[in-house]
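> Starting from these lines, generate the structure:
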Amino acid sequence: MKTLYFDCAMGAAGDMLTAALLELLPDREAFLAELNAVGIPGVAVSAAPSVKCGIQGTHVTVQIDGEEESEDMHDHDHHHHHSGMHEIEHIVEGLRVSDKVKADILAVYGLIAEAESHAHGVPVTDIHFHEVGTMDAVADITAVCLLMERIAPERVVVSPVHVGSGQVKCAHGILPVPAPATAYILRGVPIYGGSIQNELCTPTGAALLKHFASSFGEMPVMRTAAVGYGMGKKDFPAANCVRAFLGESADVCETVCELSCNLDDMTPEALGFAEERFFAAGALEVYTVPAQMKKSRPGVLLSVMCREKDREAMLKLIFRHTTTLGVRENISRRYTLQRSTETVETLFGDVRRKVSEGYGVTREKYEYEDLARIAREHDLSLDEAKAAAMRQCK
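Take a look at the predicted model:
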């Protein structure tokens, strides 16, 4: 399985993650040219070699209208225009990137907005991003989301995150490390401090890790093909960098949460809508089983399976979209086959084929939407479309 592992022994910031991922690409200049052409207003991103404690890596610099970002990359007191979520959404909507990248960018900003809202005690709609609302942060988040789309790992594992210690200066005054927004984002994530008196993990870095991580923990057994070093600006006794390892890991066993509740007062339409919301939020499985309820009422047992990092968000959705008053949790270990998608050329056009392998088993399945398109266009049944696609593969 294509696996990406982030070593965050010196925390994480948006530019450090960008630089580490950039080093994994064979043609870095081409990617930078693509990034600079997506349409972030006034932004130019560049990369240059950087050495920390004798180790060479890459440092990424963002310029806005020819001016470099704040000298302290971890400084919360930027002097650029402060933007609200509405302005961020407007900028993202205009970017020349895929819908998936736009969705990832907004999801990362959503995590930050929720954290800032909680920290300052104001609604999300009233949040004005200080350290993360400027164009340099938009560039960092966009860059990481684009790089993740380009690298396309099937599994992302993140080490326990070193957050630093001491205090940090921000637009509101002197705050403890980790800053309140960072601490909120990293709930449920293994973190630790240390002797380094500085903010090592920024809200932007925390949100990017939280959004993309499949799990947090030790480096899995993997055959690495590339290692990237993303350097920060500051010098510490330890090399100030994020390391990204890209390679292949063995068959995966992951810990998942199964959240369940009994329902006897919801319509099928409402249940169907709720299931859509759960899948859209990253649920691995959603299913219902007929159940006999109190007072001999027919009902259903609803089960929602998700990754541990998505537990809290999924609980909120269950309570929001169902009538339940309580949810039960079971923790399970989930074994999966390695999955990949191939594109097959046929006389009817391209058809995607899903391939699953592992434990001595190999399975193939054609993408339903592609077969359905062929069936509609050529007035065939699904079975006939599949047979035609298999016969006419070039």
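
> Without its sequence neighbours, what residue ends up closest to residue 248?
residue 223 (4.9 Å; Cβ to Cβ, 6 or more residues apart in numbering). Just so you know, the C-beta spots here come from the backbone N, C-alpha and C atoms, and that holds for glycine as well.

> Check what pLDDT residue 113 gets.
Looking at residue 113, its pLDDT stands at 88.

> and the residue nearest to residue 248, what helix or strand is that in?
Assigned by DSSP states H and E, residue 223 belongs to strand 222-231.

> Residue ranges in this protein under the pLDDT threshold?
In the predicted model, the chain carries pLDDT under 70 at residues 69-83, 123-133, 171-172, 251-252, 392-394.

> in the top strand by length along it, what counts as buried?
Counting residues, the longest strand found in the chain (DSSP state E) is strand 252-263. Taking 16 or more other Cβ atoms under 10 Å as the neighbour-count basis, strand 252-263 is seen to contain the buried residues 252, 254, 256, 257, 258, 259, 260, 261, 262, 263.

> For residue 157, which residues are in contact?
Applying Cβ atoms under 8 Å, 6 or more residues apart in numbering, we find residue 157 in contact with 3, 4, 5, 6, 213, 214, 215, 216, 217, 219, 220.

> go on, residue 142?
Under the criterion of Cβ under 8 Å, 6+ apart, the contact list for residue 142 reads 35, 38, 40, 92, 95, 97, 101, 105.

> Please identify which pair of those lies farthest apart.
With distance counted by Cβ to Cβ, no two of the contacts of residue 142 lie farther apart than 35 and 92, which are 14.3 Å apart.

> And for the spatially closest residue to residue 260 that is not a sequence neighbour, the neighbour number?
On the basis of Cβ to Cβ, 6+ apart, the spatially nearest residue to residue 260 that is not a chain neighbour turns out to be residue 303, at 4.5 Å. For residue 303, the count of nearby residues is 17 (other Cβ atoms under 10 Å).

> on that earlier part again, what helices or strands is the strand holding residue 223 leaning on?
Under the contact criterion of 3 or more Cβ pairs under 8 Å, 6 or more residues apart in numbering; DSSP states H and E, strand 222-231 touches helix 14-22, strand 43-52, strand 55-64, strand 241-249.

> Pretty sure residue 89 sits against residue 103.
No: in this structure, residue 89 sits apart from residue 103 without contact. The criterion is Cβ atoms under 8 Å, and the distance is 11.5 Å.

> and the gap between the residue nearest the centre of the chain and residue 117?
The centroid of the chain falls nearest to residue 212 when counting by Cα atoms, centre = their mean (2.3 Å). The span separating residue 212 from residue 117 equals 22 Å under the rule Cβ to Cβ, to the nearest Å.

> which stretches of this protein form helices?
Using DSSP state H, the helices of the chain run over residues 14-22, 28-36, 85-93, 99-120, 135-151, 180-185, 203-212, 268-280, 311-321, 368-378, 382-391.

> any chance of these in JSON lines, plus distance to residue 299?
Formatted as JSON lines, the helices of the chain follow (distance: least, Cβ to Cβ, whole Å):
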{"stretch": "helix 14-22", "distance to residue 299": "46"}
{"stretch": "helix 28-36", "distance to residue 299": "51"}
{"stretch": "helix 85-93", "distance to residue 299": "39"}
{"stretch": "helix 99-120", "distance to residue 299": "33"}
{"stretch": "helix 135-151", "distance to residue 299": "41"}
{"stretch": "helix 180-185", "distance to residue 299": "36"}
{"stretch": "helix 203-212", "distance to residue 299": "35"}
{"stretch": "helix 268-280", "distance to residue 299": "11"}
{"stretch": "helix 311-321", "distance to residue 299": "15"}
{"stretch": "helix 368-378", "distance to residue 299": "30"}
{"stretch": "helix 382-391", "distance to residue 299": "33"}
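
> circling back to that earlier point, can you list the neighbours in contact with the longest strand of the chain?
By Cβ under 8 Å, 6+ apart, the list of residues contacting strand 252-263 reads 1, 155, 214-215, 271, 284, 291, 293, 299-308, 310-311, 314-315, 318, 322-324, 326-336, 338.

> 6 Å instead?
Residues from elsewhere that reach strand 252-263 (Cβ atoms under 6 Å, 6 or more residues apart in numbering): 1, 291, 299-306, 308, 311, 324, 327-330, 332-336.

> Narrow these to those in strands?
The subset of these located in strands under the criterion DSSP E comprises 291, 299-306, 328-330, 332-336.

> I'd like to know which of these are buried.
Judged by 16+ other Cβ under 10 Å, buried ones among the ones in strands among the contacts of strand 252-263: 299, 300, 302, 303, 304, 305, 306, 336.

> hmm, back to that, please state the offset of the longest strand of the chain from the chain centre?
A distance of 20 Å separates the C-alpha centroid of strand 252-263 from that of its chain, computed with Cα atoms, centre = their mean, to the nearest Å.

> Each with direction, which strands does that strand pair with?
Looking at strand 252-263 with DSSP bridges, its paired strands and their directions are strand 298-307 (antiparallel), strand 328-336 (antiparallel).

> got CSV for those strands, with distance to residue 27 too?
Compiled in CSV, these are given as follows (distance: least, Cβ to Cβ, whole Å):
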stretch, distance to residue 27
strand 298-307, 32
strand 328-336, 32
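
> For residue 56, which of those is the nearest?
Evaluated with Cβ to Cβ, those place strand 298-307 nearest to residue 56, the distance being 35.0 Å.

> residues in contact with the closest one?
Applying Cβ under 6 Å, 6+ apart, the contact partners of strand 298-307 are 256-264, 278, 283-289, 291, 293, 314.

> and if you look at stretch 164-182?
For stretch 164-182, the external contacting residues (Cβ under 6 Å, 6+ apart) are 76-77, 115-116, 119, 130, 163, 193, 196-201, 203, 206.

> Kindly check the end-to-end length of it for me.
Start and end residues of stretch 164-182 are separated by 11 Å (Cα to Cα, to the nearest Å).

> Report the buried residues of it.
Residues of stretch 164-182 classed as buried: 164, 165, 168, 170, 175, 177, 178, 179, 180, 181, 182 (neighbour count, 16+ other Cβ under 10 Å).
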